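Asker: give the three-dimensional model of this entry:
(chains A, B, C, D and E, ligands or ions: 4)
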Amino acid sequence: MSWIKARPYVMIFPAILVFTLFFLYPIGYMIFLSFHDWNFVSPVKEFVGFSNFTSLMEDAKFLQVLRNTFMYSGLTVFLTISISLLLALWLNKKGAMYGMVQGAIFSPHIISLVSISMLWMWIMDTDYGLLNWFLGLFGITNIPWLTDPKTSLLSLIIVAVWKGIGYYTLIFIAGLQSIPRDIYEAAALDDTNRIRTFFKLTLPMLSPTLFFLTIIGLIGSFQVFETISIMTKGGPINSTNTIVYYIYENGFRFFKIGYASTAGVILLLIIGIFTVFYFKLLGRKVHYQ
Amino acid sequence: MKKNPFWKVINGIGLLLLICIFALPFVWMISTSFKTLGETMTFPPNWIPNQLLWENFSKAWNSGPFLKYFLNSTIVSVGILILQFATIIPAAYAFARYRFKGNNFFFGVTMVTLMIPTQLIFLPVYLQMSAFGLLDSLWGLILPFASSAFGIFLLRQSFKQVPEELLEAARLDQASEWKIIIKIMVPMAKPVLITFAMFSFIAHWNDYFWPLVMTTTEASRTLPLGIAKLREVDGGVAWNILMAGNLILVIPILIIFFFGQRQIIRAFVYTGVK
Amino acid sequence: MAEIRLENIVKKFNEDTVVKNLNLTIQDGSFTVIVGPSGCGKSTTLRMIAGLEAPTSGDIWIGDECVTHTEPGKRNIAMVFQNYALYPTMTVRKNIEFGLVNKKVPKAEREVLIREISDIVGLTEHLDKKPQQLSGGQRQRVALARAMVKKPKVFILDEPLSNLDAKLRGQMRRELIELHQKLGITFIYVTHDQVEAMSMGDQIILLDKGVMQQVDNPMKMYHDPNNVFTAEFIGTPAMNIVKRTEMDRYLPDLFKKAAFVGFKPEHALLVDEEWAISNYVIMESEILTTETLGAETIYAVRNEAGMMNIKSFTEPITNTKKIHVAVAYDKLYFFDIAEERIRHSYSHNTIPLSQVKKPALVGGN
Amino acid sequence: MAEIRLENIVKKFNEDTVVKNLNLTIQDGSFTVIVGPSGCGKSTTLRMIAGLEAPTSGDIWIGDECVTHTEPGKRNIAMVFQNYALYPTMTVRKNIEFGLVNKKVPKAEREVLIREISDIVGLTEHLDKKPQQLSGGQRQRVALARAMVKKPKVFILDEPLSNLDAKLRGQMRRELIELHQKLGITFIYVTHDQVEAMSMGDQIILLDKGVMQQVDNPMKMYHDPNNVFTAEFIGTPAMNIVKRTEMDRYLPDLFKKAAFVGFKPEHALLVDEEWAISNYVIMESEILTTETLGAETIYAVRNEAGMMNIKSFTEPITNTKKIHVAVAYDKLYFFDIAEERIRHSYSHNTIPLSQVKKPALVGGN
Amino acid sequence: NDEDKASKENKVSADSGRTEITYWYAFGDKIGENNENLVKMFNDSQDEILVKAEFQGGYGDLHSKTQAAFAAKNAPEVTLNEIASMGVFARSGMTQDLTPFIEKDNDINLDDFNPGLMGNSYVDGNIYGLPYLRSTPILYMNVSMLKDAGLDPKGPKDWKEFEEYARALTKEGTSVGMSMPVSIWYFEAFVGASGGDMLAAEDKEVAFNGQAGVEALEYWKRLSQEGILKIPAGDEASAQAAQDFANGRSAMIFGSTANLTNNLAIAEENGFELNTAFMPSNKVNGVPTGGANLVMTAGLSPEKQKAAWEFIKWMTAKEQTIYASKYTGYLPSRLSAVESEDMQSLYKEIPQYKVAVDQLQYGKARPMAEAYPEISTILADEITRSLLERDLSPKEALDQAAKLANPLLQ
Ligand SMILES: Nc1ncnc2c1ncn2[C@@H]1O[C@H](COP(=O)(O)OP(=O)(O)OP(=O)(O)O)[C@@H](O)[C@H]1O
Ligand SMILES: Nc1ncnc2c1ncn2[C@@H]1O[C@H](COP(=O)(O)OP(=O)(O)OP(=O)(O)O)[C@@H](O)[C@H]1O
Ligand SMILES: [Mg+2]
Ligand SMILES: [Mg+2]
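Answerer: Ligands and ions are numbered 1, 2, ... in the order given. Sure, this is the predicted structure:
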């Protein structure tokens, strides 16, 4: 009897142990550090209370970093979801050609971000880039993709969207395929036009998929690091600096561990609040079968 | 409903364009990997290299102990996968099938880990690994990922969909819980497991950051670091060799992807991650 | 006028011909039931009428209009799907309203229509629920309401009751019959359950492998099948049909040109051994199983001609396994080698059962 | 010996008492059917017998052994689930073998057992297919084979036929009856379909809201219901039951202490207007709907006592709506205010239907 | 796998009784090979000490990993400090003061090190590292283009000439005179040429917003607005500038001496002649240096310290300096090495090499304040902003940078 009681705990133990050792404990440590001033080597960690938090909130650079992060995440998720939804509607068909296209658009997902970043840096080169070469064919010349603070964040978003679309499209296609065909037929008999069919039937039926992808997408894009670290290092003029990169930069380039930890705590708070809010508020509206 | 030929052509062109947008960068990557350094810098770019410089590959391969990197990458990716399977399958089963105190709490804890970027936690983990004496060992690359919140999430979803009667039938057949998991649950969740395996393998095969910080010697380095070494040059980067290196990195994944692609849609239709 | 005519309709899926040159007229205001085994093309036919599928060749007329290339939404047809196909994300009210909005019916009018219809089908108190919150029977009614509210000329129902349990099915069946009487519009109803077909239709169309086998009213269909297929399809248990050669021992000198002989399970009598008269076939048999269904009992028996089902309305026989099966000559059906009916000089149906002189029955326990 | 006894079984889910103090003996070798409306606790009872659910209080005995706390796998019970619960990733062979492997039956012996069992259920040629590749009936047989191969003492079936279509259901029903006769072990069979219950069981247990209503053989259950619930549950259409007060106009001077009066639909006769004799209740009625089911016809009629169903085996009446319903006094059932049966001095069942003097019937067209 | 590796190493050390030390270096390719080769030579040259060399990424990666390793108490005995980071490591106690070793050791002659490279070795008056792979920015020119434009292939000497060159070499739509990323390193060179400093003395305040800095930025801005100086921004701007140069889209670029070998190869492949020159002067000559110093980490046992010192000494000795310089194109940090026959014959053969060495007489130390990396980021941002926004005057931009940077120096 007691074995039956203990069984579930035994089964989750290894996973929870891993999470505790490698995720929860470090998070705790990070929170601890956020109240201290430390530079790695000094034997003392000086307790500073909330001063890291207050100075962070007054730091114009950090505020811009937050803005960048929200901008990047919001736009990336929005664009990825809308484009891949359209693509899914288009590509959700049988046939070798469609299979090939599905494979092709998914392929960026399998390549490491490091490779992708290098590739895109090259594609987006102002003078020699494939992108400008291509746009040049249409008379658009020399857009300084990564080198102008006006376009740099957008350029990173383009890369993220480009990479994410395939994965999202595939999940959307799966979602579309699980919508029963006959409700479309019912709608046809109800003389429904395409746009109404999309907004009144398809979209609500896809709401769980949308929900899942939005959450996963937001969490993922809040965590963006590699592309920034390789393509822009947060520049030019701080225009692409987002929170994880900022944390890394402060901690390991500028030796401000406490400060970096504080930014980490704030990131966690943002993600946490956001997730809870999203689940509570929107979760209710989502249709589950 | 009738397709007129004009739209067919437009549709076809659209599809080709899509392939271009998503596949051309790779074509360029491949093409670059065969060029001379000077040719990589010509503008507009040559799509087809003037000559096929196979030696770029051998240069990339010989720029470090690539065989070692390759082995390490394989051991780490596969090792992670095996441990993940070992930890997520029972956990997902317990979360999906048992009612117990703290079920929701522990599942919440699991989900929280999904939200944490590795850049936030590597320092404490580094110190911990050092305390365990596992720094700069393959274990240090494997252990932190020995379980996966995303995997538990996906698998739990698909375990939940197995009808209760099936488990009862098995219990009447005198099957132990262990046997139920292995013989019934796991085979039924196969598409999900394969998909998860693919994602996990790809992610860890390509992982750059973690091996970078956790290793200090070549003995425990993985492929992406070997490739990065080609890039970490004070001065001009040899793009041709770098791209050859990247191709070496990508090819195994490409092969795996080729075999796994069909499973993905099926898995998502099946799990209800929709 | 909403008479529906199918003219030389052929439907192929890839190389499979699923419907073969169908010619059919469905009277205005009729309750037409299409039956047939699974995969015979029932749904396909319906879907062509509704416009959800285009025929490979042939034309479809509704009234005086050729609708072969008209969009489904413009045909003035409403359809109830097998699994209802309710819009799962909308409330009952929205489900019903959806088609009206598309038709640009003004809001005030919509409200009135919805109120009316939900009164009729008894859904008024469920209007704000989602389909998942309703029971099977209620969902069924939503599907009906959604179809009815459009005031269509034709009402198509594809196996609408097959998901319901026996009790609810019976109830819904009756409701549909009443509804048809009330609305007076054309109903086309698909089922593979012949009991349903018999009890509901005033015209039955029997399909097999995309070919029409018989079109008749239920009683004609039941009592006067055109061929072996119909005879075996209509009635539970099915008509007992044996090769004439097997029956020779019992019927030595009758209708040599017939290839098959059949009789309905309820037309057979279980009689005492001794009893025998000239205008009955008498087969010495053994009872294999007995199913007692309250008012009736179904016996599976074996004799030299093979296995047969016998349906009896008397008390079940439990005291003996040996029995004689008696069938009046005028209750026998004959079919030729092509399985087509050989119609006999006198009709079976004109002689009421009660007037036939009855042999003594074997009593129950 | 595998007699099963339930002693004072109570089952609660949270605060809901789903089974209320059940005392029950299921004879060794019997074919016991548990029926009752949805949610009455049938499955729960079965599952407690199988050990998949523990009773809140009370004991379960199989033979001489108290198994209340024995694990399901050790009770020597096999179960066939409503949706078969076949292991979808295993072939038919593996499905059947699974339980044997767990029991550590040696390989050679397993092979023999599987060969035997698949011969019996006719699956030999499908052994290497996966369940998805089989038809409904075949799956059913796999589920049976999987259960049978373990040679259990008790065989539990929870609505095993409810997913099958009418035709297949009839066939499987007969196969199950034969199987029971062949194996001779205890069968406990749950259904909410009373036709199934009647045709298969040699003992029927009728449950309602977790309370046992009646335990009897099918014919007793049908002809001699204990209470209104049983009377209304058994038989399609159900027994017509009206308040005695409503019947007063037709039955002015009989059985004043009865609160309800009932009669079976098939015991009513449709007769000419003029015709009237003293030992029949005659009710002037109007036909509302007519369902013709081949050999029988069901009329819904309305008269001053309310709505009633009448089942007749003669040709359907289509020439008139006005009719008289006649029920012999000795076919009436009476119930008191607590809905319990008031048994009458003479039994209905002893007088065969054919011997009752019949009124002239209204003929069909 | 790991264990047997460890045990194998243990065996080596046990067998031979050699002191083992670890050496971390940055960069792969030629530089990496150079490190590995030298270490191997060192290990072969004696049997007391066994050095293990490990690649750790770029300077940034190397630094953060060294810190993390410090926190975990398993730092390498010898590592590299990018010269601007010397201060941080020394002041936070991660690196060892080498002064006592130098004083005790007769083998080493500090005067032989090129004084232009020594600026960054001293932190608060003590020596914390010795110059190893060092560079300085120089001017690369496409001589073919210079000749076409009728210019002296020797190159411009001062800002005025540089401007004339750039103007003459600019051909609307085909090429610009100069392509140069916003790099603080080059900015340091321009400030130095104007006689200014980046940080004020004692590192308590920035100085780049002084007269010299403003002059430098104004010069950049003017040339850039005229279109004769192209300023690609972003992290890989230098790669792009290199590409411009390789394709003849710019006639001149600045670059580290370390790029010389590569640039020569590219010039040959793309068919043009390459020459090098000093960074142009303004009021004075003054160039920053770059690259890394060898340092010893703090807190070692005397035995390890001895071994580490031996290794550092050997690595910076004349022969090794010559080897490294020839292998990588970095500067020879010892005067004796420059004068050696080996180097001299190389300079004769490829005179472009000599330019950088000669320029070292004007070499200046890079700032070493702890906050300098962060200040660099801030400054680069403001410079970029001033170049992009027409109305933002250089003075304003630099003042803004100073305002943000000064608190970091407190
Ligand atoms: N879209 C399709 N593509 C190819 N074949 C089809 C398609 N739809 C139906 N068929 C085939 O056409 C035949 C007739 O199908 P249909 O759905 O009309 O049968 P049905 O009579 O409605 O059967 P059921 O009683 O099982 O619903 C079947 O053999 C089916 O496999
Ligand atoms: N695990 C459970 N938790 C809570 N209530 C339950 C549980 N299982 C069954 N019940 C409730 O117990 C009652 C009886 O359920 P049971 O499944 O035994 O009914 P049933 O007679 O088999 O009905 P059906 O014919 O619909 O299968 C129902 O009201 C049901 O809601
Ligand atoms: Mg169909
Ligand atoms: Mg049940």
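
Asker: can I take it that C:I310 is in a strand?
Answerer: Yes - assessed with DSSP: H, G, I helix; E, B strand; the rest coil, C:I310 lies in a strand.

Asker: thought it was touching C:I298?
Answerer: Yes - using CB atoms under 8 Å, C:I310 is in contact with C:I298, at 7.1 Å. Just so you know, the C-beta spots here come from the backbone N, C-alpha and C atoms, and that holds for glycine as well.

Asker: between the two, what contacts are shared?
Answerer: Common neighbours of C:I310 and C:I298 are listed as C:P265 (criterion: CB atoms under 8 Å, 6 or more residues apart in numbering or on different chains).

Asker: who's more crowded, the two?
Answerer: C:I310 (25 against 22; other CB atoms under 10 Å in any protein chain shown).

Asker: list the contacts for the more buried one?
Answerer: By CB under 8 Å, 6+ apart, C:I310 lies in contact with C:P265, C:A268, C:L270, C:I298, C:Y299, C:V301, C:V325.

Asker: which strand residues bridge it?
Answerer: C:Y299 (DSSP bridges).

Asker: against chain D, how distant is it?
Answerer: Separation of C:I310 from chain D (CB to the nearest CB, to the nearest Å): 12 Å.

Asker: again with C:G29
Answerer: Using CB to the nearest CB, C:G29 is found at 17 Å from chain D.

Asker: what about that residue, how many neighbours?
Answerer: By other CB under 10 Å, 15 other residues sit near C:G29.

Asker: okay but it is in contact with C:G184, surely?
Answerer: Yes - between C:G29 and C:G184 there is a contact under CB under 8 Å: 5.5 Å.

Asker: distance of the residue in the stretch 301-410 of chain E that chain D sits nearest to from E:L404?
Answerer: Among all residues of the stretch 301-410 of chain E, E:T377 sits closest to chain D, at 57.2 Å; criterion: CB to the nearest CB. E:T377 sits at a distance of 10 Å from E:L404 (criterion: CB to CB, to the nearest Å).

Asker: more crowded one of the two?
Answerer: It is E:T377, of E:T377 and E:L404, that has more neighbours when counted by other CB under 10 Å, with 24 against 20.

Asker: and the more buried one, what element?
Answerer: For E:T377, the host element (DSSP states H and E) is helix E:372-388.

Asker: and that helix, what other elements does it pack with?
Answerer: Applying 3 or more CB pairs under 8 Å, 6 or more residues apart in numbering or on different chains; DSSP states H and E, we find helix E:372-388 packed against helix A:149-177, helix E:86-91, helix E:184-193, helix E:211-226, helix E:394-405.

Asker: could I get those as TSV with distance to D:T320 and mean pLDDT?
Answerer: Converted to TSV, these look like this (distance: least, CB to CB, whole Å; pLDDT from 0 to 100):
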stretch	distance to D:T320	mean pLDDT
helix A:149-177	56	87
helix E:86-91	109	86
helix E:184-193	108	89
helix E:211-226	106	90
helix E:394-405	103	90
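
Asker: which stretch among those helices comes nearest ligand 1?
Answerer: When the helices and strands packed on helix E:372-388 are compared by CB to the nearest ligand atom, helix A:149-177 sits nearest ligand 1, at 15.2 Å.

Asker: now residue 124. Nearest residue, chain neighbours left out?
Answerer: Here I'm looking at chain A. In this structure, A:M124 finds its nearest non-sequential neighbour in A:W145, 3.8 Å apart by CB to CB, 6 or more residues apart in numbering or on different chains.

Asker: wait, I meant chain C there
Answerer: Nearest-residue entry for C:T124: C:S118, 4.7 Å, with adjacent residues in sequence omitted and distances by CB to CB, 6+ apart.

Asker: that neighbour: neighbour count?
Answerer: Neighbourhood size, C:S118 [other CB under 10 Å]: 21.

Asker: same question, E:P302
Answerer: 7.

Asker: nearest residue to the middle of the chain?
Answerer: Defaulting to chain A. By CA atoms, centre = their mean, chain A has its centre lying nearest to A:S221, at 1.9 Å.

Asker: meant chain E actually
Answerer: Nearest to chain E centroid, counting by CA atoms, centre = their mean: E:G290, 1.7 Å.

Asker: residue contacts, it?
Answerer: Applying CB under 8 Å, 6+ apart, we find E:G290 in contact with E:I83, E:R134, E:S135, E:T136, E:P137, E:W185, E:S256, E:R366.

Asker: which residue does the stretch 51-200 of chain C bring closest to ligand 1?
Answerer: Closest point on the stretch 51-200 of chain C to ligand 1, by CB to the nearest ligand atom, is C:H192, at 4.5 Å.

Asker: so who does that residue touch?
Answerer: C:V35, C:G36, C:P37, C:S38, C:K42, C:E159, C:S162, D:D165.

Asker: now do the helix holding E:T377 and helix E:394-405, the angle between them.
Answerer: 150 degrees (axes from the mean of the first three to the mean of the last three CA atoms, to 10 degrees).

Asker: distance from the chain centre to helix E:372-388, please.
Answerer: Distance, stretch centre to chain centre, for helix E:372-388: 19 Å (CA atoms, centre = their mean, to the nearest Å).

Asker: picking up where we left off before, looks to me like the residue nearest to C:T124 is in a strand.
Answerer: No - according to three-state DSSP, C:S118 belongs to no strand; its state is helix.

Asker: is it true that it touches C:T91?
Answerer: No - between C:S118 and C:T91 there is no contact under CB under 8 Å: 11.6 Å.

Asker: overlap of the contact sets of those two?
Answerer: C:L127.

Asker: which pLDDT does the model give the residue nearest to the centre of chain E?
Answerer: pLDDT, E:G290: 86.

Asker: poorly predicted segments of the chain, please.
Answerer: No chain was given, so I picked chain A. A:1, A:40-43, A:128, A:279, A:281-289 (pLDDT under 70).

Asker: ah, I was thinking of chain B
Answerer: B:1-3, B:41-45, B:233-237, B:261-274.

Asker: where along it do the strands fall?
Answerer: Ranges of strands within chain B: none, based on DSSP state E.

Asker: domain map for it?
Answerer: Following automatic domain parsing, chain B resolves into domains at B:5-58, B:64-232.

Asker: between those, which gets nearest to C:T25?
Answerer: Evaluated with CB to CB, those place domain B:5-58 nearest to C:T25, the distance being 37.5 Å.

Asker: can you give me the end-to-end distance of the closest one?
Answerer: 49 Å (CA to CA, to the nearest Å).

Asker: return the distance of it from the chain's centre.
Answerer: Using CA atoms, centre = their mean, the offset of domain B:5-58 from its chain centre is 25 Å.

Asker: ok, now stretch C:81-93?
Answerer: On CA atoms, centre = their mean, the centre of stretch C:81-93 falls 26 Å from the chain's centre.

Asker: for stretch E:48-61, same thing?
Answerer: For stretch E:48-61, the distance to the chain centre is 18 Å (CA atoms, centre = their mean).
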